[in-house]
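Trainee: Sequence and predicted model, in that order:
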Amino acid sequence: MKALVALILLVQLPIHKAVPAAPPAPLGCDDPKSEAAAEAAVNYINGHSHHGFKFTLNRIENIRVLPQGPNNEVIFLELDLLETTCHILSPTALENCTVRSFTDHAVEGDCDVKLQNVNGQLSVVASKCHSNADSSEDIRQLCPQCPLLAAWNDTEVQAAVTEALNDYNSKNAGAYLKLLEIGRAKIQHHPEHIVFVEFAVAATNCSTEEANVETCQLLPDDQSNFGFCTATKVIRPSKELQVNCQLYGHQVPTPDTPLLSRVFWSINTSAGLVPGVVQGFINHNLRLSHNNPLASESLSSEFSSSMLSAKSVARRAVAEAAQHDKVARPVGFVPLPPPCPGKIRHFKI
């Protein structure tokens, strides 16, 4: 009888079901883990860019993390970048490069990057980028007299680069320098007529004292020496020319960064153009689409579809947050900032 009563009481006891653990909070765009992934992505992008200038992080727009197993996850990033004054050939560390100001006609880069994090080791699987200069209208609103970016094939730009390089070679002893590419150019018409140019150069096997410079060739791989020049040519009211060139010295290429002289020279000469001149362009487009050959094929192949999925999730989250904000809040309530997008580090274009 006692056993029957105990069994009845046991059956009547409330059953406590196990409560499933709450899913982890989404990773915020300004989280240290997000910033570490963005740093790895930016370094990868600059390391695989062969033209123009280095870019630096301006904002993490979105991040999505997909667990793949123990200590293994895939990270999707949407990044806003800004162009710096350091040419891609410059050995200057990115943290020491100056971001171009808004009135210097800034250039913004947009990148989608996929990384894999295994045991805390980040590696880029794939990346896709493009860049655009800010609109002339935006610059004019803030600075009506500021010079704007000019096309590289503009006759005044071409004349300024040629004159500047000839001037430098004629006044400096040493290796004869040849043009690799025009980095950027600006023309100011009022109150003075001035042309500003920036261009990359490379040392050749000729000296500046030699007359037949047309036969000069770039130095071989084990002696290569790149540099960068800036020049200001005043056309009106007076004729003036100021040129400044800096040679970086020989840099040993790594397996991930091929010798850039070959990339520059083969592209430019095969197209039959003056080096670094693309018809009508005013800035080097960060047109980078790259799959890491060391990454697994499955991870690379799903890059585009996964990024689209990540963006749709982000848009849905923004919509839900906007709807959530319409709910009445108690007096003094301070809502938490959304996890994404992250803070703007420099300025918004």
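Mentor: In hand now; what should we look at?

Trainee: Test my guess that residue 127 contacts residue 113.
Mentor: Yes. Counting by CB atoms under 8 Å, residue 127 sits close enough to residue 113 to count as a contact (4.6 Å). Using the backbone N, CA and C atoms, a C-beta is placed for each residue, glycine as well.

Trainee: Tell me how many other residues crowd residue 182.
Mentor: 24 (other CB atoms under 10 Å).

Trainee: Bridged to it, which residues?
Mentor: Counting by DSSP bridges, residue 182 is bridged to residue 199.

Trainee: Is residue 33 within a helix or a strand, and which one?
Mentor: Using DSSP states H and E, residue 33 maps to helix 32-47.

Trainee: I'd like to know which elements the following helix or strand past that helix is packed against.
Mentor: Note on helix 32-47: by DSSP H and E, the next helix or strand toward the C-terminus is strand 53-69. Judged by 3 or more CB pairs under 8 Å, 6 or more residues apart in numbering; DSSP states H and E, strand 53-69 is in contact with helix 32-47, strand 72-87, strand 107-118, helix 303-324.

Trainee: how about a cut-off of 6 Å?
Mentor: The contact analysis (3 or more CB pairs under 6 Å, 6 or more residues apart in numbering; DSSP states H and E) places strand 53-69 against helix 32-47, strand 72-87.

Trainee: List the contacts of it.
Mentor: For strand 53-69, the external contacting residues (CB atoms under 6 Å, 6 or more residues apart in numbering) are 27, 29, 34, 38, 42, 46, 73-78, 80-84, 86-88, 94, 97, 99, 109, 310, 314, 340-342, 344-346.

Trainee: Pull out the buried residues from those.
Mentor: Buried members of the contacts of strand 53-69, counted by 16 or more other CB atoms under 10 Å: 27, 29, 34, 38, 42, 46, 74-78, 80-84, 86-88, 94, 97, 99, 109, 310, 314, 340-342, 346.

Trainee: Enumerate every residue touching the nearest residue to residue 63 once chain neighbours are set aside.
Mentor: Distances taken as CB to CB, 6 or more residues apart in numbering put residue 34 closest to residue 63, at 5.0 Å, once the chain neighbours are dropped. By CB under 6 Å, 6+ apart, the residues touching residue 34 are 27, 60, 63.

Trainee: now those in CSV, with pLDDT and distance to residue 228?
Mentor: Output for these, formatted as CSV (pLDDT from 0 to 100; distance: CB to CB, whole Å):
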residue, pLDDT, distance to residue 228
27, 88, 38
60, 97, 30
63, 96, 34
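
Trainee: which neighbours does whichever strand or helix holds residue 243 have in its sheet, and in what orientation?
Mentor: Using DSSP H and E, residue 243 maps to strand 240-249. Here strand 240-249 is paired, per DSSP bridges, with strand 226-236 (antiparallel).

Trainee: Would you mind listing the buried residues in the strand it pairs with?
Mentor: Those would be 226, 227, 228, 229, 230, 231, 232, 233, 235, for strand 226-236 by 16+ other CB under 10 Å.

Trainee: Where does the prediction get shaky in the stretch 101-250 of the chain?
Mentor: Low-confidence segments of the stretch 101-250 of the chain (pLDDT under 70): 211.

Trainee: residue boundaries of the helices in it?
Mentor: Taking DSSP state H, counting those that start in this stretch, the helices of the stretch 101-250 of the chain run over residues 136-142, 155-171.

Trainee: Looking at those, which is nearest to residue 182?
Mentor: helix 155-171 (6.0 Å; CB to CB).

Trainee: contact partners of that closest one?
Mentor: Contacts for helix 155-171 (CB under 6 Å, 6+ apart): 150, 176-177, 182, 185, 195, 197, 199, 208, 231, 233, 241, 243, 245.

Trainee: Of these, which pair is most distant in space?
Mentor: 150 and 208 (28.6 Å).

Trainee: who has more neighbours, these two?
Mentor: residue 150 (20 against 16).

Trainee: who touches that one in this structure?
Mentor: Contacts of residue 150 by CB under 6 Å, 6+ apart are 157, 185, 186, 187.

Trainee: what's the closest of the residues you listed to residue 217?
Mentor: Using CB to CB, the contacts of residue 150 come closest to residue 217 at residue 157, 25.8 Å.

Trainee: Please report the distance of the closest one from residue 345.
Mentor: Look at residue 157 and residue 345: by CB to CB, to the nearest Å, they are 31 Å apart.

Trainee: Could you do residue 162 as well?
Mentor: 38 Å.

Trainee: ok, now residue 159?
Mentor: Here the distance between residue 159 and residue 345 works out to 38 Å (CB to CB).

Trainee: try residue 145
Mentor: Distance, residue 145 to residue 345, using CB to CB: 28 Å.
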